[in-house]
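Participant: the following block contains a protein sequence and its predicted model.
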Amino acid sequence: MSTSVDLQNLYTSLNLEIAAVARYQDHQNKTSDPLILALLQGLMRNENGHERDLIKLIDRYKGDPKVAETFPGPTLEQMIFTGDQIFGQKTNLAMLRADFEFESEAVKIYSGFAAQASDEQVKELFLELARAERGHVNGLRSLIKGIEEKTHETAFFCPVCGWTVSFGANPTPGAESRCRMCGVQFSLTMTDGDFGLVRK
Ligand SMILES: [Fe+2]
Ligand SMILES: [Fe+2]
């Protein structure tokens, strides 16, 4: 290969991907919005794939993936509560804004590693990772924009049957909606900046 710089960068990247998977798992647990949950699951799945690709390459170059754990991890926030606050979307917005910063940083890191790489396969992987994280940045940007512009539909998993109960874009507390699958009626509540559901 591959100078030790390449291997060091592969370790740093593996550490970053492990943190990305943990971040998206944590954020899935923090949302009750079916669309946001699905997107976060998609991102986590993709980051899992990055982890596997990095481990494969580290193995090929006779490194030890466990060494990655000894590298300093990313220090970016898990939640960003600053910026314009949108009614009922405090938690969703805070985590998506933090994820946006995290992915933007990842694009910079991987582009830098690609430029440094002396091995062709390492370079290709870093370019592909930068491409993927840039896709995450774009997806997160458009999701955040939808929430900020109040075009994002407020929805929940039905606590009775698990289907989606939607309240449309930009609803107000007290708005009512009936689950189209089980027929149970719910109304929208607001607690500490976040919308919630209560059964009627
Ligand atoms: Fe990734
Ligand atoms: Fe239901």
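Facilitator: Sure thing, it's come through. Ligands and ions are numbered 1, 2, ... in the order given.
Participant: distance of the residue of the chain found nearest ligand 1 relative to I80?
Facilitator: Nearest residue of the chain to ligand 1: H50, at 3.7 Å (Cβ to the ion). For the C-beta atoms, the positions are set from N, CA and C on the backbone; glycine is no exception. Distance, H50 to I80, using Cβ to Cβ, to the nearest Å: 23 Å.
Participant: so between the two, which is more surrounded?
Facilitator: H50 (23 against 17; other Cβ atoms under 10 Å).
Participant: give me the element that one is part of.
Facilitator: In the assignment (DSSP states H and E), H50 maps to helix 34-60.
Participant: and that helix, what's buried?
Facilitator: Buried residues in helix 34-60, counted by 16 or more other Cβ atoms under 10 Å: 34, 36-37, 39-40, 43-44, 46-47, 50-51, 53-55, 57-58.
Participant: also stretch 161-180?
Facilitator: 165-167, 171, 177, 179.
Participant: can you name the next helix or strand after the longest helix seen in the chain?
Facilitator: For the chain, the longest helix by residue count, based on DSSP state H, is helix 120-148. Using DSSP H and E, the next helix or strand after helix 120-148 towards the C-terminus is strand 153-157.
Participant: output the helix or strand that that next one is followed by as PDB, restricted to C-alpha atoms.
Facilitator: Next helix or strand after strand 153-157 toward the C-terminus (DSSP H and E): strand 164-169. What follows is strand 164-169, C-alpha atoms only, in PDB (Å, rounded to 0.1, in the frame of the first residue of the first chain):
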ATOM      1  CA  THR A 164     -49.300   6.800  10.300                       C
ATOM      2  CA  VAL A 165     -51.600   9.500  11.800                       C
ATOM      3  CA  SER A 166     -51.000  12.800   9.900                       C
ATOM      4  CA  PHE A 167     -52.000  16.300  11.000                       C
ATOM      5  CA  GLY A 168     -50.900  18.000   7.700                       C
ATOM      6  CA  ALA A 169     -48.300  20.800   7.400                       C
END
